[in-house]
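*Asks:* build the 3D model from these lines:
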Amino acid sequence: MRLGEVERLRGELAEFVADVFASFPRRDQRRWGGCYLRGLMLDGRRKSVQPMAERLPDGNMQALQQFVNQSPWDPLPVRRRIAERLTEAVTPEVWVIDDVSFPKCGTRSVGVARQYCGALGKTANCQVAVSVHAATDTASGPLDWQLYLPREWTDDPARCRAAGVPDGAVHQEKWRLALRLLDTLADWKLTARVVVADAGYGTSTPFRLGLEEQGLHYVVALSGKEVARPQTAEPHQPTYDGLGPPTLPRYRTEPRPLPRLAAESLASGFTEVTWREGRRGPMTSRFAVLRVRPAGKQSLRAAQEAGGGHYRWDGVLPVRTVLVEWPTGQTEPTGYWISNLPATTPVEDLVRWAKMRWRIEHDYRELKHGLGLDHFEGRTWRGWHHHVTLVTAAQAFLTLRRLDPKAHMPA
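*Replies:* Presented below is the predicted three-dimensional model:
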């Protein structure tokens, strides 16, 4: 937005800042928080501290640097209040789990490492963060974030201390970070109808079981390389001879690849479904539902309750629904999603939720290109989480205005 447009919003922004930054102990922190948000919303190629301070009439580079990098305010209460306001206004149908990358130079920025960088489409030097977003087809926004720490960081305590990483931080896979974020949202008394995620998460059996242990329904993508058995497959329970622990159930048939199961079971069972209006008209494809027994492992919690400390094969997983997309003209299916929703769930609902991941791209486009999510130039854990929280606040403010029928939104 242009400077005049941002200045005309100062009254509404002041009310928003007073609410979401109410946990700040000092008035000057709320003042610089509001100033930082105006800098993020103001037009400009770079949204790092120096150029923002130069563009703002009341900008002060030293004060903004101190506010985002050194000031000891806790970002979690701010994110909680943003999440409460956003979910109340958006009424999300799904929570979308995804991760986003930030290309970086050097080795000192917290969490930076050579790893897959989605922003560049290749392995590169970058930071990666996991996020959870509230979404409908018409509105969305991030609720919470967690920076991913590769093993090369958690195995180097001195490097972590230099970047201000909290003591005791350990390496956790992205799917574990996602489950932690969902735990946090549950602690905030926020609920979702369905959780959706791409195949980077959906292919993880422990992740899916973790969602089920939290009592969550999901529609998550698969890669198409998974194996499963038909719903009718029955496990065999060997007779217990009284020696040692009982033998776990076993199947007597090998699992088959999902494409093969789909081709055998759904040759004539596909239905044309339209899930939303796109820029070029209705978005339509053919879909079918397949009931299968996935092949996988017990969750960590189930293994511990059974007396073991590690994942172990239990031979049996519950029957689950697999949504299959097979567009007209294609020689084989092009998309797979697995869900624990009831078997009676209409295929139209499964398709709409599975496809709602597109909103995450809208969020990242606005957060990065419009609000400077990836423009932060600091190196510390505190600074990174402060900046991401402030960008989330700016996006939430704009989203709430877009949803307000009385509000005038600048171009």
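*Asks:* pull the contacting residues for Gly329.
*Replies:* Applying C-beta atoms under 8 Å, 6 or more residues apart in numbering, we find Gly329 in contact with no residue. (C-beta placed from N, C-alpha, C; glycine too.)
*Asks:* nope, Phe102 is what I meant
*Replies:* By C-beta under 8 Å, 6+ apart, Phe102 lies in contact with 119, 126-129, 373-374, 376.
*Asks:* let me have those in JSON lines, extended by neighbour count and distance to Asp155.
*Replies:* Below are those laid out as JSON lines (neighbours: other C-beta atoms under 10 Å; distance: C-beta to C-beta, whole Å):
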{"residue": "Ala119", "neighbour count": "15", "distance to Asp155": "26"}
{"residue": "Cys126", "neighbour count": "22", "distance to Asp155": "19"}
{"residue": "Gln127", "neighbour count": "23", "distance to Asp155": "17"}
{"residue": "Val128", "neighbour count": "22", "distance to Asp155": "17"}
{"residue": "Ala129", "neighbour count": "21", "distance to Asp155": "20"}
{"residue": "Leu373", "neighbour count": "26", "distance to Asp155": "28"}
{"residue": "Asp374", "neighbour count": "21", "distance to Asp155": "26"}
{"residue": "Phe376", "neighbour count": "23", "distance to Asp155": "25"}
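*Asks:* would you state the strands of the stretch 201-350 of the chain in chain order?
*Replies:* Using DSSP state E, counting those that start in this stretch, the strands assigned to the stretch 201-350 of the chain run over residues 218-222, 227-230, 256-257, 271-278, 281-294, 320-325, 335-339.
*Asks:* longest helix in this structure, please.
*Replies:* Taking DSSP state H as the criterion, the chain has its longest helix at helix 381-403.
*Asks:* just the C-alpha atoms of that helix, please, in CSV.
*Replies:* The C-alpha coordinates for helix 381-403 follow below in CSV (Å, rounded to 0.1, in the frame of the first residue of the first chain):
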residue,chain,number,x,y,z
TRP,A,381,16.1,-17.6,17.0
ARG,A,382,14.3,-14.8,18.8
GLY,A,383,14.6,-12.4,15.9
TRP,A,384,13.3,-14.9,13.4
HIS,A,385,10.3,-15.9,15.5
HIS,A,386,9.5,-12.2,16.3
HIS,A,387,9.6,-11.3,12.6
VAL,A,388,7.4,-14.2,11.5
THR,A,389,4.9,-13.3,14.2
LEU,A,390,4.8,-9.7,13.1
VAL,A,391,4.3,-10.7,9.4
THR,A,392,1.5,-13.0,10.6
ALA,A,393,-0.1,-10.1,12.4
ALA,A,394,0.1,-7.9,9.3
GLN,A,395,-1.5,-10.5,7.1
ALA,A,396,-4.2,-11.2,9.7
PHE,A,397,-5.0,-7.4,9.9
LEU,A,398,-5.4,-7.3,6.1
THR,A,399,-7.5,-10.5,6.0
LEU,A,400,-9.8,-9.2,8.7
ARG,A,401,-10.3,-6.0,6.7
ARG,A,402,-11.1,-8.0,3.6
LEU,A,403,-13.7,-9.9,5.5
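*Asks:* quick one: list the elements packing against it.
*Replies:* helix 10-20, helix 27-41, helix 75-90, strand 140-147 (3 or more C-beta pairs under 8 Å, 6 or more residues apart in numbering; DSSP states H and E).
*Asks:* re the thing from before, could the contacts of Phe102 go into JSON lines alongside pLDDT?
*Replies:* Shown next, in JSON lines, are those (pLDDT from 0 to 100):
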{"residue": "Ala119", "pLDDT": "90"}
{"residue": "Cys126", "pLDDT": "96"}
{"residue": "Gln127", "pLDDT": "97"}
{"residue": "Val128", "pLDDT": "97"}
{"residue": "Ala129", "pLDDT": "97"}
{"residue": "Leu373", "pLDDT": "96"}
{"residue": "Asp374", "pLDDT": "94"}
{"residue": "Phe376", "pLDDT": "94"}
